[in-house]
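[1] need a 3D model of the following:
(chains A, B, C and D)
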There are 4 protein chains.
Amino acid sequence: MADVTPQTTAVIILDMAKGYGWKPGSFGYEMVAQVRKLKDAAYAADAQVVHVNSIRRPTDHISEHSRMMVGSEGLEVIPELQPVDKDIIVYKRYLSGFSHNDLDYTLRTMGCETVIVAGASTDNTVLWTCADAHQNHYKVVVVEDCTMVHREKEPPGAKEGALRIIRNVLKGEVLPLAEIKEKYLKPS
Amino acid sequence: MADVTPQTTAVIILDMAKGYGWKPGSFGYEMVAQVRKLKDAAYAADAQVVHVNSIRRPTDHISEHSRMMVGSEGLEVIPELQPVDKDIIVYKRYLSGFSHNDLDYTLRTMGCETVIVAGASTDNTVLWTCADAHQNHYKVVVVEDCTMVHREKEPPGAKEGALRIIRNVLKGEVLPLAEIKEKYLKPS
Amino acid sequence: MADVTPQTTAVIILDMAKGYGWKPGSFGYEMVAQVRKLKDAAYAADAQVVHVNSIRRPTDHISEHSRMMVGSEGLEVIPELQPVDKDIIVYKRYLSGFSHNDLDYTLRTMGCETVIVAGASTDNTVLWTCADAHQNHYKVVVVEDCTMVHREKEPPGAKEGALRIIRNVLKGEVLPLAEIKEKYLKPS
Amino acid sequence: MADVTPQTTAVIILDMAKGYGWKPGSFGYEMVAQVRKLKDAAYAADAQVVHVNSIRRPTDHISEHSRMMVGSEGLEVIPELQPVDKDIIVYKRYLSGFSHNDLDYTLRTMGCETVIVAGASTDNTVLWTCADAHQNHYKVVVVEDCTMVHREKEPPGAKEGALRIIRNVLKGEVLPLAEIKEKYLKPS
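    The predicted structure is shown next:
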């Protein structure tokens, strides 16, 4: 693993946007503090942070998701994870972080080799993002305690089932933040 | 559902290729006869059949999957499902049926609105194909008894877990062949 | 041509952004008033207006084009063509209007069949946008007096050469604004 | 240019297929011998040769080009340029060599940095292929005496006009075969 350096690593934070209701006391809000620690570790190691949020347009002919409509406040990253200038913000048109946008182009031109993926939901955006990253030959790493199924009524196994697929099918690594920091985000 | 006609429907059969070892007596071979019935139903209804198989090149820098190397017999559809001239054969470069090929272009130019997905594995190629189809706005339908996790040592829940994601996250329909025929593949 | 309605038509305006120096008295500024008339005709006919401007990121490893850097004022549409809420704004990562963004997805989900292309430069962004539109099966129409080669030292034949390719190779229509209005943008 | 090695270079030969009528005595046939020399130089330097030919499907809803229909002999590389096993053959669905196929994926995974482009037509497939290659950050080089406008009635300026765009807009190099061999295809 000697050749994985923070300079070729991107930390991708998925759908931590206002439109998804991350507020103190809301379902799953505890994870926000953990993702904040991930961002700080990325900064300390000089790894690139990339926020990827959903965006919809009135012309899309999709029934759901009106809270992510272009021009609305829902698209903004939540204040707890407030982006700084050097962060990259990418909008995805549907589920995967790579959906109809410049995420692959941006990672590729920056020389990214490894993506560290966090955010919600593990069995939706996180899963599709890992699949697309793997199929574009990025090494995939998921931060186990920085991802969740952000839908209240799912059975508890939903997260574990998705992580199993990421591990067994996509050959991704799934590690807790403490190990991610040790292995991939050592301060330079 | 009155507007779903076989003429705007494609039956997509994934990775039923010689390289994956579908032989009498082998693990999961029973499903082949079921997929044969699906193909026959598609023909009777005049729906387009599309076989999508993997292909790898010596330059790919992937360790696995040498049985699907370009030029090898492993790429061919198994004889039980022998394509006829009007079938479409598409090669995918990695996991999803849409991986770096003309599947979306081909479906789009033919006017396809609904994809009926079958083949292996449910938690791999089938899952990613359904995700990509949904994100390109095709209606997704999976044939429950024409898909399986084609790896011997997986826990039995692997297939059900993937189908749950297809249903709950991708809003896909998962139905047995008998109902698919009734609802989507009525002979014209 | 009876089936070309403004409702399935998008007017795509390319690179009319502050970063490209469209100011009174500058080279080619006369065209701005003409493109303004095109926008007004699109509104009157209820056709969708789409502005596509370039965007670069500090990580891109491209030497040129620093005036289109993310976060800078250069990315904004020039005031003379000030977008209204119902306009769509798309950012392209490199030359073509379709470069690594959601333009195709957005046109496709809105049901677009015909694109009317304007802006700069005819032998660069306009040409690549027409090629990509044609290859994605949109009917291509270029507004002859709303496009130019926006580089001062090019020989005068540069625009005509590019239009020849659009006509002969891409089978696009090239018409002056007056005819475009008559044929494609009749007020409803 | 010290870092351009044949090992990161691909020689892309466009539309030199039977369906386009390259036969002794036919319009433009002289170029075939020149492209043969390019292939031989690529082999001597151990650069990867990639043939990209068109393919159409009966479902495409395109009026033209019936000679490139899937399953027909027209798709095959002409005998003078007979591919060997280590050549890569890619099919493009429309005009550009990158149209809806795995060309970019294949170049990327092999570590390609420079593409040397040859074939027909200069103001069509060659032009779009160069644009897409440049926009995906490959260095673009065109072999001036291995490309032509392969349509009999075009004015002679058609080739030069396209090469001007490749030089001035895409910042591509346009060099005769002798110089290409010297600069990019030195035998190892």
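[2] per-residue confidence for A:V4?
    Looking at A:V4, its pLDDT stands at 62.
[3] can you tell me the helix or strand for the nearest residue to A:I180 once chain neighbours are set aside?
    Spatial nearest neighbour of A:I180, chain neighbours left out: A:V143 (5.4 Å); criterion: C-beta to C-beta, 6 or more residues apart in numbering or on different chains. Backbone N, C-alpha and C define where each C-beta goes, glycine included. Here A:V143 is covered by strand A:139-148, with elements defined by DSSP states H and E.
[4] quick one: buried residues of the helix or strand that comes right after that strand?
    Remark: after strand A:139-148, the chain's next helix or strand is helix A:157-168, criterion DSSP H and E. The neighbour-count check on helix A:157-168 (16 or more other C-beta atoms under 10 Å in any protein chain shown) flags A:A158, A:K159, A:G161, A:A162, A:L163, A:R164, A:I165, A:I166, A:N168 as buried.
[5] tell me what the one helix or strand A:Y43 maps to is packed against?
    Here A:Y43 sits within helix A:30-45, counting by DSSP H and E. Under the contact criterion of 3 or more C-beta pairs under 8 Å, 6 or more residues apart in numbering or on different chains; DSSP states H and E, helix A:30-45 touches strand A:9-14, strand A:48-54, strand A:114-120, strand A:139-148, helix A:177-184.
[6] quick one: the residue located most distally from the centre of chain A from C:S99, how far?
    The C-alpha centroid of chain A is most remote from A:T59, which lies 26.2 Å away (C-alpha atoms, centre = their mean). From A:T59 across to C:S99, the span is 21 Å (C-beta to C-beta, to the nearest Å).
[7] same question, A:H137
    Note on A:H137: its distance to C:S99, by C-beta to C-beta, is 21 Å.
[8] more neighbours: which of the two?
    Neighbours per residue, other C-beta atoms under 10 Å in any protein chain shown: of A:H137 and C:S99, the larger number sits with C:S99, 24 against 15.
[9] and what about the more buried one, helix, strand or coil?
    At C:S99 the chain is in coil, as set by DSSP: H, G, I helix; E, B strand; the rest coil.
[10] tell me which parts of chain A are close to chain C?
    Within chain A, the positions near chain C by C-beta under 8 Å from any C-beta of the partner chain are A:48, A:57-62, A:71, A:85-86, A:88, A:93, A:99-102, A:104-106, A:109-111.
[11] return the subset of these lying in strands.
    A:Q48, A:I88 (DSSP state E).
[12] pLDDT score assigned to A:M1?
    Model confidence at A:M1 (pLDDT) stands at 43.
[13] repeat that for A:H65.
    55.
[14] please name the residues that touch A:S96.
    Contact analysis of A:S96 by C-beta atoms under 8 Å, 6 or more residues apart in numbering or on different chains lists A:T125, A:W128, A:T129, A:A131, A:D132, B:A131, B:Q135.
[15] and those residues, which is closest to D:D40?
    D:D40 lies nearest to A:D132 out of the contacts of A:S96, by C-beta to C-beta, at 39.5 Å.
[16] quick one: list the elements packing against the host helix or strand of the closest one.
    According to DSSP H and E, A:D132 maps onto helix A:125-135. On a contact count with 3+ C-beta pairs under 8 Å, 6+ apart, helix A:125-135 meets strand A:9-14, strand A:114-120, strand A:139-148, helix A:157-168, helix B:125-135.
[17] could you redo the last one with a cut-off of 7 Å?
    strand A:9-14, strand A:114-120, strand A:139-148, helix A:157-168 (3 or more C-beta pairs under 7 Å, 6 or more residues apart in numbering or on different chains; DSSP states H and E).
[18] what does that helix rub up against?
    With contacts defined as C-beta atoms under 7 Å, 6 or more residues apart in numbering or on different chains, helix A:125-135 is touched by A:12, A:14-15, A:95-98, A:115, A:117, A:119-120, A:140, A:142, A:147, A:162, A:165-166, A:170, A:172, B:94-96, B:99, B:128, B:131.
[19] any idea which residue of chain A lies closest to chain B?
    A:G161 (4.0 Å; C-beta to the nearest C-beta).
[20] return the residues in contact with that residue.
    A:D123, B:G161.
[21] one more time with 10 Å
    Neighbour list for A:G161: A:122-123, A:127, A:149, A:154-155, B:123, B:157-158, B:160-162, B:164-165 [criterion: C-beta atoms under 10 Å, 6 or more residues apart in numbering or on different chains].
[22] so which of these comes closest to C:L177?
    Nearest member of these to C:L177, counting by C-beta to C-beta, is A:L127, at 48.4 Å.
[23] could you check how far that closest one is from C:L185?
    44 Å.
[24] neighbour count: those two, which is higher?
    Shown here are A:L127 and C:L185; by other C-beta under 10 Å, A:L127 has more neighbours (27 against 22).
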